[in-house]
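Q: I would like to see how this sequence folds:
(one chain, ligands or ions: 2)
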Amino acid sequence: MAVCTIHTSTQSLNSRCSLYTPTKTHLGFNQRQVVFYSKRGSSSSSKRGSSSVITCSAGGDSQTIVIGLAADSGCGKSTFMRRLTSVFGGAAEPPKGGNPDSNTLISDTTTVICLDDYHSLDRTGRKVNGVTALDPRANNFDLMYEQVKAIKDGVAVDKPIYNHVTGLLDPPELIKPPKILVIEGLHPMYDERVRDLLDFSIYLDISNEVKFAWKIQRDMAERGHSLESIKASIEARKPDFDAYIDPQKQYADTVIEVLPTQLIPDDNEGKVLRVKLIMKEGVKHFSPVYLFDEGSTISWIPCGRKLTCSYPGIKFAYGPDTYFDHEVSVLEMDGQFDRLDELIYVESHLSNISTKFYGEVTQQMLKHADFPGSNNGTGLFQTIVGLKIRDLFEQLIATKQAAPVEATKA
Ligand SMILES: Nc1ncnc2c1ncn2[C@@H]1O[C@H](COP(=O)(O)OP(=O)(O)OP(=O)(O)O)[C@@H](O)[C@H]1O
Ligand SMILES: O=C(CO)[C@H](O)[C@H](O)COP(=O)(O)O
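A: Ligands and ions are numbered 1, 2, ... in the order given. Coordinates of the predicted model:
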């Protein structure tokens, strides 16, 4: 049975339907969003053109778990998503028969939505107003909150689409509540209301040197951009990145930090990486991974008889630390693997990795050996975080299923 509420700008009444008239002002634009939501599983009726939001929550039945993944553009979000969806099995694809430029990826268990779809200003709008896409004024956080909340409550939404090909805002697409909703993009933890909806959050923290190396590799090789234009684009984004994107890492449950190697003195190629997995302590349903002995401080060079390492070798480190005043455990890997099949040796020394069978991390890494970062800590830690998210999901489901039984007992 759907439970609905009426909201107006001045009052909130209990009723069977919800009518909300949000009026937002960005850069002098007076925008009105119109979205009709439908109950989980039912066919949706959607319409644009009036000035109301109607929400009807499905109430009672299973809830969607929401994961936030934050990073700057070109920092490996898509690669991470491919690893994550693979852990749950099944291929992730854009909505069938929908907009070919949709940014959404749907698999049996997960739906990944890209928060670029909540840009309130299109490419021309940003240019005219002199703002970047990273600026909160170019994004509609009210709608992002309303829609993520609706999906979490089991209600389908008509989500806008930002078209990266044309730079325009396209007509919306229907997003039905999945078991796991991943919101990935620039600002999943910027708005407190959206942040509070997250069951788990990840920040990909790519140092400037590495970001530059990756961007050059992709934008020069694949997109034909010049070195100068890449430099200029990074520089132009930097103030807004520092102001609005980077601070989100303090809220993340886990941060994957990617730095230049310390194994090669003065390395500036950015090919060999030092990667840190920073895991907050005390997060519900999430127990940090550890190396050898939980809570100890350890430095480990695994190269030798069981792990082939060419120059500059591989070094692991593990230990407790603090991060933005939070207690964390940090696992670090510097260097790269020569042979992925030998990764089992490293895997067998890690604990709390939430595998379902011996060697699952190695199997996942081998399966996606062609993804960027498969020979270093980025791929390894992304895979492990994927397994931890599966574990968190299963624990949350088990908790929910147990709840009615407990209530009956009481
Ligand atoms: N772990 C990695 N190791 C090396 N290069 C990487 C890694 N992850 C990503 N890259 C490089 O960065 C590029 C962008 O990766 P990806 O598409 O996953 O990022 P993104 O954050 O989704 O980007 P965008 O937001 O621009 O779509 C890849 O084509 C690759 O060149
Ligand atoms: O930071 C970004 C997130 O991916 C993009 O730059 C932003 O979405 C604008 O996209 P485009 O360059 O296609 O207009």
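Q: so what secondary structure elements neighbour the longest helix anywhere in the chain?
A: If you go by DSSP state H, the chain has its longest helix at helix 377-409. Applying 3 or more C-beta pairs under 8 Å, 6 or more residues apart in numbering; DSSP states H and E, one finds that helix 377-409 contacts strand 65-70, helix 77-88, strand 200-206, strand 254-260, strand 273-280, strand 326-335, helix 360-367. In this view, the C-beta of every residue, glycine as well, is placed from N, C-alpha and C.
Q: what bridges to the closest residue to Ser201 other than its chain neighbours?
A: The shortest distance from Ser201 to any non-neighbouring residue, by C-beta to C-beta, 6 or more residues apart in numbering, is to Gly68 (4.1 Å). Gly68 has the following beta-bridge partners by DSSP bridges: Ile183, Ser201.
Q: Gly68 and Val328: what is the separation?
A: Distance, Gly68 to Val328, by C-beta to C-beta, to the nearest Å: 18 Å.
Q: again, but for Ile67
A: Ile67 is 19 Å from Val328, by C-beta to C-beta.
Q: so who does Lys271 touch?
A: Counting by C-beta atoms under 8 Å, 6 or more residues apart in numbering, Lys271 makes contact with Ala213.
Q: kindly report the same for the one 5 residues further on.
A: Under the criterion of C-beta under 8 Å, 6+ apart, the contact partners of Lys276 comprise 255-257, 259, 330-332, 377.
Q: test my guess that Val87 contacts Lys388.
A: No - the criterion here is C-beta atoms under 8 Å, and Val87 misses it with Lys388 at 9.6 Å.
Q: ranges for the helices of the stretch 201-350 of the chain?
A: Counting by DSSP state H, counting those that start in this stretch, the stretch 201-350 of the chain has helices at residues 208-215, 221, 227-240, 343-347.
Q: right, and these - which one's nearest ligand 1?
A: helix 208-215 (3.9 Å; C-beta to the nearest ligand atom).
Q: quick one: that closest one near ligand 2?
A: No - Helix 208-215 is not in contact with ligand 2 by C-beta under 6 Å from any ligand atom; minimum separation 11.6 Å.
Q: same deal with stretch 232-251?
A: No - Stretch 232-251 does not reach ligand 2 (C-beta under 6 Å from any ligand atom); its nearest approach is 7.3 Å.
Q: cool, stretch 174-187 as well?
A: Yes - Stretch 174-187 lies within reach of ligand 2 by C-beta under 6 Å from any ligand atom, at Leu186.
Q: and that stretch, what's its mean pLDDT?
A: For stretch 174-187, mean pLDDT rounds to 97.
Q: between the two ends of it, how far is it?
A: End-to-end span of stretch 174-187 (C-alpha to C-alpha, to the nearest Å): 21 Å.
Q: now it: how far from the chain's centre is it?
A: 9 Å (C-alpha atoms, centre = their mean, to the nearest Å).
Q: with stretch 389-403 instead?
A: When distances are taken as C-alpha atoms, centre = their mean, stretch 389-403 is centred 20 Å away from the chain's centroid.
Q: can you give me the buried ones in it?
A: Neighbour counts over stretch 389-403 (16 or more other C-beta atoms under 10 Å) mark 389-393, 396 as buried.
Q: and which of the residues you listed is nearest ligand 2?
A: Ranked by distance to ligand 2 (C-beta to the nearest ligand atom), the buried residues of stretch 389-403 are led by Ile389 at 21.9 Å.
Q: and that closest one, how far from ligand 1?
A: Distance, Ile389 to ligand 1, by C-beta to the nearest ligand atom, to the nearest Å: 17 Å.
Q: what's the residue lying closest to Lys176 once chain neighbours are set aside sitting at in phi/psi?
A: The shortest distance from Lys176 to any non-neighbouring residue, by C-beta to C-beta, 6+ apart, is to Ala156 (4.6 Å). Dihedral pair for Ala156: phi -70, psi 150, per degrees, to the nearest 10.
Q: ligand 2 versus Ala156, what's the distance?
A: 24 Å.
Q: residues of the protein that sit close to ligand 1?
A: When proximity is defined by C-beta under 6 Å from any ligand atom, the chain lies next to ligand 1 at 71, 73-79, 214, 217-218, 372-373, 378.
Q: now with 5 Å, please.
A: 73-79, 214, 217-218, 372-373, 378 (C-beta under 5 Å from any ligand atom).
Q: out of these, who has the most neighbours?
A: Thr378 (26 neighbours; other C-beta atoms under 10 Å).
Q: in the stretch 301-410 of the chain, what residue comes closest to ligand 2?
A: Counting by C-beta to the nearest ligand atom, the stretch 301-410 of the chain gets nearest ligand 2 through Pro372, at 16.7 Å.
Q: find the nearest non-adjacent residue to that residue, please.
A: Using C-beta to C-beta, 6+ apart, the nearest residue to Pro372 is Thr79, at 5.4 Å.
Q: check Gly167 too.
A: Nearest to Gly167 is Arg123, by C-beta to C-beta, 6+ apart, at 2.9 Å.
Q: tell me the pLDDT at that neighbour?
A: pLDDT, read off for Arg123, is 96.
Q: sorry, back to before: out of the residues of the chain next to ligand 1, who's nearest ligand 2?
A: Ser73 (3.7 Å).
Q: next up, the contacts around the closest one.
A: Leu186.
Q: give me the pLDDT value at it.
A: If you check Ser73, the pLDDT there is 88.
Q: and Glu209, by the same measure?
A: 86.
Q: doesn't Pro260 make contact with it?
A: Yes - counting by C-beta under 8 Å, Glu209 does reach Pro260; the two are 5.2 Å apart.
Q: could you check which of these two is surrounded by more residues?
A: Set Glu209 next to Pro260 and count neighbours by other C-beta under 10 Å: Pro260 wins out with 21 against 15.
Q: settle this for me: the more buried one is touching Val210, isn't it.
A: Yes - between Pro260 and Val210 there is a contact at 6.4 Å, judged by C-beta under 8 Å.
Q: shared neighbours of the two, anything?
A: By C-beta under 8 Å, 6+ apart, Pro260 and Val210 have these common neighbours: 270, 273.
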